[in-house]
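[1] fold the following, please.
(4 chains)
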Protein chains: 2
Amino acid sequence: MATSQNPPASTAIKRPPRLGDEVYNTIYAQLMSQKILPGSRISIDNLARELGVSQTPIREALSRLEAQGLVVKTHLIGFSAASQMDRTRLDQLYELRLLLEPFAARKAATLMSSEQFEALKRMTDDMRNDRGQGRVSYSEFARLDSQFHDLIAQASGNDLVQETLANLHTHVHLFRLFHHQQATSDANAEHAKLIEAFEARDQDRAEQAMRTHVERSYARFRSFFED
Amino acid sequence: MATSQNPPASTAIKRPPRLGDEVYNTIYAQLMSQKILPGSRISIDNLARELGVSQTPIREALSRLEAQGLVVKTHLIGFSAASQMDRTRLDQLYELRLLLEPFAARKAATLMSSEQFEALKRMTDDMRNDRGQGRVSYSEFARLDSQFHDLIAQASGNDLVQETLANLHTHVHLFRLFHHQQATSDANAEHAKLIEAFEARDQDRAEQAMRTHVERSYARFRSFFED
DNA sequence: CTTTAGCAAATACTATAGGATATACGGGAG
DNA sequence: CTCCCGTATATCCTATAGTATTTGCTAAAG
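    Residues are numbered from 1 along each chain as shown, chains lettered A, B, ... in the order given. Got it, this is the predicted structure:
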């Protein structure tokens, strides 16, 4: 099945791109890099003019972002970027994450392929190396951390759990970005514990390592609410 | 809070209704009652003509349904109702449900208000009474069962968990409908156990009762895949 | 002089209609 | 029987009309 859907690149015709996708990626990137601030209005008209497309693909992209909880819509008012999580929301998010992610790690410990494990290991190495470069590499750290967690969720074999965790992770990312939290060496040490457990294919240790990792992450974030 | 947002009807101004919502409810109802069969195409043009509105509100409604996983979209092809869950998907759904719903029941056992408990009790009574009327009352049973589970999730105090469970429940409903499974007296007995646990505010018993309920539900569904 | 109420213009969303293009289906030639 | 081609249908996107909200200005009252 390798070449069946890959005719020689020379003959490959360009299919009409989905404008909705392009718009989605553009807005998503702007949200994730705080070019659009939490709570600020997002005008359909302005976006249509800026991006040089009509309103329909804009609406489609914003609908998808709304389903992810990244933007909210108010009737006859319009879209705006989701406001920053409050304390209650953060608690709920981590409560859910603590239910899902240690479980995913436990399953991944037995189901993970060696290719997946190698990829995971490379990511942790890259994250450690990048950290030395200081704050400019945070976006790269965030990207790798996101991939790291997503790969574990994927290795759990449960698509629904993977999707749910991916969604939670985008909100964690936004929260971290908003509060200017740096990548910590703590996180890297916790990732290392996870790698060890996966290498040993030890379910209990993997679950426990993930639980510890998530709990510590929670503790690091909670401090932002204590004044 | 009763009258605060209900000024005298005479002065009440009519706000323009959201056509997208009306369309959403219409399509949702048709999906949930199998007027639209799983996998069948859903034409935007046809819907627009049938409902007497233009394409924009149709697309908005379908986008929301797509986010729920009830319809799928293929570029340049269009929308179609999601195909029926296969065995793998059912396994994944129940794996997730078993992570969330017993936990929700445990939390609800301590957090539930007496009003919520009374409402819950009324639902179980109604479900038992309705059952005697035979198959015509299935839709009513489904509605009450959905409310029953949603109320417990709500009482857990975690909105994210509640939303996730609500979404899972719609798919369970579709699966049950497709396989013509009747409301079982087993389910009513399992609900009764839950009620007992909530009345005693016993976390362990509530969690265990819910786990048993979900596991038995899983077993009832799994039988459809054994030929 | 400051503040508030009311009106008017601009802004932006909702919904409609129409044009360009890709897919699907059916008939005919090889 | 297979393959190619033309027609029909539906989607994707654009452009535009219709309305609700918002903003800013003016005027009047405290």
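[2] what parts of chain A come near DNA strand C?
    A:15-16, A:41-46, A:55, A:59, A:73, A:75-79 (CB under 7 Å from any atom of the strand). C-beta here means a position set from N, CA and C on the backbone, and glycine is covered the same way.
[3] which one of these is nearest residue B:111?
    Of all the residues of chain A next to DNA strand C, residue B:111 sits closest to residue A:73, with 30.2 Å by CB to CB.
[4] give me the neighbour count for that closest one.
    Counted with other CB atoms under 10 Å in any protein chain shown, the neighbours of residue A:73 add up to 16.
[5] hang on, it is in a strand, isn't it?
    Yes - Residue A:73: assigned to a strand according to DSSP: H, G, I helix; E, B strand; the rest coil.
[6] what residues does chain A have near DNA strand D?
    So chain A meets DNA strand D at A:16-20, A:53-57, A:60, A:76-77 (CB under 7 Å from any atom of the strand).
[7] any chance of these in JSON lines, with pLDDT too?
    Shown next, in JSON lines, are these (pLDDT from 0 to 100):
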{"residue": "A:16", "pLDDT": "64"}
{"residue": "A:17", "pLDDT": "76"}
{"residue": "A:18", "pLDDT": "85"}
{"residue": "A:19", "pLDDT": "90"}
{"residue": "A:20", "pLDDT": "91"}
{"residue": "A:53", "pLDDT": "90"}
{"residue": "A:54", "pLDDT": "90"}
{"residue": "A:55", "pLDDT": "90"}
{"residue": "A:56", "pLDDT": "90"}
{"residue": "A:57", "pLDDT": "91"}
{"residue": "A:60", "pLDDT": "91"}
{"residue": "A:76", "pLDDT": "84"}
{"residue": "A:77", "pLDDT": "88"}
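[8] can you redo those as TSV with neighbour count, distance to residue B:30 and secondary structure?
    Below are those laid out as TSV (neighbours: other CB atoms under 10 Å in any protein chain shown; distance: CB to CB, whole Å; DSSP: H, G, I helix; E, B strand; the rest coil):
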residue	neighbour count	distance to residue B:30	secondary structure
A:16	7	31	coil
A:17	9	32	coil
A:18	14	27	coil
A:19	17	29	helix
A:20	21	25	helix
A:53	16	32	coil
A:54	11	30	coil
A:55	13	28	helix
A:56	16	24	helix
A:57	19	27	helix
A:60	20	22	helix
A:76	7	27	coil
A:77	9	29	coil
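[9] rewinding a little: which one of the residues of chain A next to DNA strand C is nearest to DNA strand D?
    residue A:76 (4.3 Å; CB to the nearest atom of the strand).
[10] could you check whether the helix ranked longest in chain A is close to chain B?
    Counting residues, the longest helix found in chain A (DSSP state H) is helix A:87-111. Yes - with CB under 8 Å from any CB of the partner chain as the measure, helix A:87-111 is seen reaching chain B through A:89, A:92, A:93, A:95, A:96, A:99, A:100, A:103.
[11] so how far is residue A:151 from the third one?
    It stands for residue A:93. Using CB to CB, to the nearest Å, residue A:93 is found at 21 Å from residue A:151.
[12] which one (most neighbours) among the residues of helix A:87-111 next to chain B?
    Highest count within the residues of helix A:87-111 next to chain B by other CB under 10 Å belongs to residue A:100, 24 neighbours.
[13] wait, that one touches residue A:165, no?
    Yes - under the criterion of CB atoms under 8 Å, residue A:100 makes contact with residue A:165 at 5.7 Å.
[14] for the strand or helix carrying residue A:169, which positions count as buried?
    Using DSSP states H and E, the element containing residue A:169 is helix A:159-178. By neighbour count on 16 or more other CB atoms under 10 Å in any protein chain shown, the buried set for helix A:159-178 is A:160-162, A:164-165, A:167-177.
[15] can you check stretch A:45-52 too?
    Those would be A:47, A:48, A:51, for stretch A:45-52 by 16+ other CB under 10 Å.
[16] give the rounded mean pLDDT of stretch A:81-94.
    The average pLDDT within stretch A:81-94 is 96.
[17] mind checking the end-to-end distance for it?
    Taking CA to CA, to the nearest Å, the first and last residues of stretch A:81-94 lie 21 Å apart.
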